[in-house]
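K.L.:
Sharing a model that was predicted from the sequence below.
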2 protein chains.
Amino acid sequence: MKKVLIIHAHPERNSFCSRLKDEALDYFHWQNAEVKVSDLYAMNFNPVGGRHDFTEAENLDYFKYQAEQVHAWKTGTFDPMLKAEMEKLEWCDTLIFNFPIWWFGLPAMLKGWVDRVLAMGFSYGAGKGVYENGVFKDKTAFLCFTTGGPQTAYGNEGKNGNLDTILYPIHHGILYFVGMKVLPPFICFSPVRLTDEERKSELARYRTYLEECQSQTPLFGPAH
Amino acid sequence: MKKVLIIHAHPERNSFCSRLKDEALDYFHWQNAEVKVSDLYAMNFNPVGGRHDFTEAENLDYFKYQAEQVHAWKTGTFDPMLKAEMEKLEWCDTLIFNFPIWWFGLPAMLKGWVDRVLAMGFSYGAGKGVYENGVFKDKTAFLCFTTGGPQTAYGNEGKNGNLDTILYPIHHGILYFVGMKVLPPFICFSPVRLTDEERKSELARYRTYLEECQSQTPLFGPAH
């Protein structure tokens, strides 16, 4: 049975971005998949990486984040909330980041999930490989996000620049870094400017995307 | 007189990254420049954008972040801490982001400073332009950061990919978006692997960078 983890980061639970998360939930339930959601705003997730990630310290005099992560991995001393997120990530076979793109990247809330949960020792390093040797090479990941600007502002002709370039640090630097197969993203451009009818058709388009995404050619990762 | 703002985001005050921040402070003081530092970890800055950004709400039923930002800008109802950061940013003529690169981007702490401080209404939108018409076109900005991996892991031959691409969302999507002239970054690769002697020469290299950076060809922005 398929196991899906959605990491959702939007401050408004009635936003269209949150509606997309619900659409995925519906779809996967209908598929008889198991789904877990980390709704970071609802969880009041703290995105700041630091000493509070750990229940004990290897070095109290000098804080070296990655060294403490490796120590915590070896001794099982991650903060219980981080441990729970790590367990969800290990459990899933499909990972979805569901978010509004802010400043051409992840909202700080979601970036902090990456900084803290994808800890050294757990997801890479300490003998574990990266990219084609990454530990999560049996998992598939993709982004589902909403934008403020219209589609015409992106692409080679658009003033914001090409989306492949904008998303490269997330696709290649985060998801593929830990070995995942990265599928092309689902993007809903500027839902704020859409009519109710247009929003309905965006939801239908997302459902079609979910049905078909596994047959898409990955951007990065196994079978790329 | 030159006015410099350093946004610093490292959890360890004795890190080499923090040492680079101090080197810039020394240099600019010696230059008789005015310098302000926002040391985000020391300030316990909250990087999560949300309702707490504002002392009043335009719409209590539905939270639309950018609309609330514009409302707060018009009514002067930003949280006082954000207002203070905005005033520092308006005041400066040179902006430095000083940080360790985490997951090929800004640590969540610093990304949240961007999400919250560069608010719509204040830095773009509500009649204000972007890019070549951006409000901060008289300001210069650059990144000073440390990496975990060695230089050979970057570039077209490196497994991490090209740094120009990795940094594009920050350089183009954040700093140039608000109109700033963006200078090439100062990068210290993998200080954790350097000897004390090598660290000293990295500090000297940073000082030379600071002396010469204004004559560099900008990556983006005015006179590009």
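P.N.:
In hand now; what should we look at? Numbers count the residues shown, from 1 in each chain, chains lettered A, B, ... in the order given.
K.L.:
hey, let's count contacts and neighbours off CA atoms from now on
P.N.:
Fine.
K.L.:
just how off-centre is stretch A:108-118 within its chain?
P.N.:
Offset of stretch A:108-118 from its chain centre (C-alpha atoms, centre = their mean, to the nearest Å): 9 Å.
K.L.:
can you check stretch A:111-129 too?
P.N.:
For stretch A:111-129 - counting by C-alpha atoms, centre = their mean - the centre lies 14 Å from the chain centre.
K.L.:
now do stretch A:17-32
P.N.:
Counting by C-alpha atoms, centre = their mean, stretch A:17-32 is centred 16 Å from the centre of its parent chain.
K.L.:
Specify the local secondary structure of A:Tyr206.
P.N.:
helix (DSSP: H, G, I helix; E, B strand; the rest coil).
K.L.:
OK, contacts around it?
P.N.:
Shown in contact with A:Tyr206 (C-alpha atoms under 8 Å, 6 or more residues apart in numbering or on different chains): A:20, A:23, A:186.
K.L.:
measure it to A:Leu143 for me?
P.N.:
From A:Tyr206 over to A:Leu143 the distance is 12 Å, taken as C-alpha to C-alpha, to the nearest Å.
K.L.:
anything in contact with each of the two?
P.N.:
A:Phe186.
K.L.:
need the contacts of A:Tyr206 in CSV with secondary structure and pLDDT, can you?
P.N.:
As requested, the contacts of A:Tyr206 are exported to CSV (DSSP: H, G, I helix; E, B strand; the rest coil; pLDDT from 0 to 100):
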residue, secondary structure, pLDDT
A:Leu20, helix, 98
A:Glu23, helix, 98
A:Phe186, strand, 98
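K.L.:
if we take the residues you listed, which one ends up nearest to chain B?
P.N.:
Nearest to chain B among the contacts of A:Tyr206 is A:Leu20, at 16.3 Å by C-alpha to the nearest C-alpha.
K.L.:
hey, what's the most centrally placed residue in chain A bridged with?
P.N.:
With distances taken as C-alpha atoms, centre = their mean, the residue of chain A nearest its centroid is A:Phe97 (3.1 Å). Going by DSSP bridges, A:Phe97 is paired in beta bridges with A:Ile7, A:Leu143.
K.L.:
I'd like the distance from A:Leu203 to A:Tyr154, if you could.
P.N.:
Taken as C-alpha to C-alpha, the span from A:Leu203 to A:Tyr154 is 21 Å.
K.L.:
And the helices in chain A?
P.N.:
Counting by DSSP state H, one finds helices in chain A at the ranges A:16-30, A:65-75, A:80-91, A:108-117, A:163-170, A:196-212.
K.L.:
So the third one, near chain B or not?
P.N.:
No. Judged by C-alpha under 8 Å from any C-alpha of the partner chain, helix A:80-91 and chain B are separated, with a smallest distance of 15.6 Å.
K.L.:
what comes up buried for that helix?
P.N.:
A:82-83, A:85-86, A:88-89 (16 or more other C-alpha atoms under 10 Å in any protein chain shown).
K.L.:
What parts of chain A come near chain B?
P.N.:
Residues of chain A lying close to chain B by C-alpha under 8 Å from any C-alpha are A:11-12, A:14, A:47-50, A:62-64, A:102-105, A:107-112, A:114-115, A:160, A:165-166, A:168-170, A:172-174.
K.L.:
Since that was my last question, I'll sign off now.
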